[in-house]
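Visitor: missing the sequence, but the structure's below:
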């Protein structure tokens, strides 16, 4: 009828996951949504943020020495608790079929808590390595986030999950 945008054009411009996230973030179940291309841009920016977090982690040099960085160890403990709390919120939203709320909760967890706070707290000083212990905890967190993101962003979450560590054939 010509009264809606062509999704293929949007996916070419903003990525499939970007369009999915943009639409789901602002469309509570059962409500109509006046289309705004800015929603797709927001979704694409989120996928870029997640991808850049992977690039940052992959840049770090690693040392086998145990971490004596108290801030990094506290950040690990803090994020573990924050992740548990968010999983509880996500489960509650899913039980109530509030998909948009679930995605918004996950969006804030990934963007604000993981990327903006956690990664900054554990990031080693310029030119210094990160301990294997801190890196392993970070990869484990990122893997758990990928599992949580997968219903909303299946393509980028799978790609990142495969790149975080060596995987066996068929391990998806």
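Guide: Perfect, I can see it now. Because the structure is a prediction, the values reported are computed rather than measured. Residues are numbered from 1 along each chain as shown.
Visitor: Quick one: list the elements packing against the longest helix along the chain.
Guide: Longest helix in the chain, counting residues (DSSP state H): helix 70-95. On a contact count with 3 or more C-beta pairs under 8 Å, 6 or more residues apart in numbering; DSSP states H and E, helix 70-95 meets helix 99-108, helix 119-122, helix 132-149. Glycine gets a C-beta too; all of them are placed from N, C-alpha and C.
Visitor: quick one: it to helix 132-149, angle?
Guide: Helix 70-95 runs at 10 degrees relative to helix 132-149, counting by axes from the mean of the first three to the mean of the last three C-alpha atoms, to 10 degrees.
Visitor: How about helix 70-95, which residues are buried there?
Guide: 72-73, 75-76, 79, 82-83, 86-87, 89-90, 93 (16 or more other C-beta atoms under 10 Å).
Visitor: what comes into contact with the lowest-mean-pLDDT helix or strand in the chain?
Guide: Using mean pLDDT, DSSP states H and E, helix 16-25 stands out as the lowest-scoring helix or strand of the chain, at a mean of 89. Contacts to helix 16-25, defined as C-beta atoms under 8 Å, 6 or more residues apart in numbering, come from residues 7, 10-11, 14, 33, 39-47, 99-100, 103-104, 107, 152-157.
Visitor: which of the residues you listed are buried?
Guide: The neighbour-count test (16+ other C-beta under 10 Å) marks 10, 14, 39-40, 42-44, 46-47, 99-100, 103-104, 107, 152-153, 156-157 as buried among the contacts of helix 16-25.
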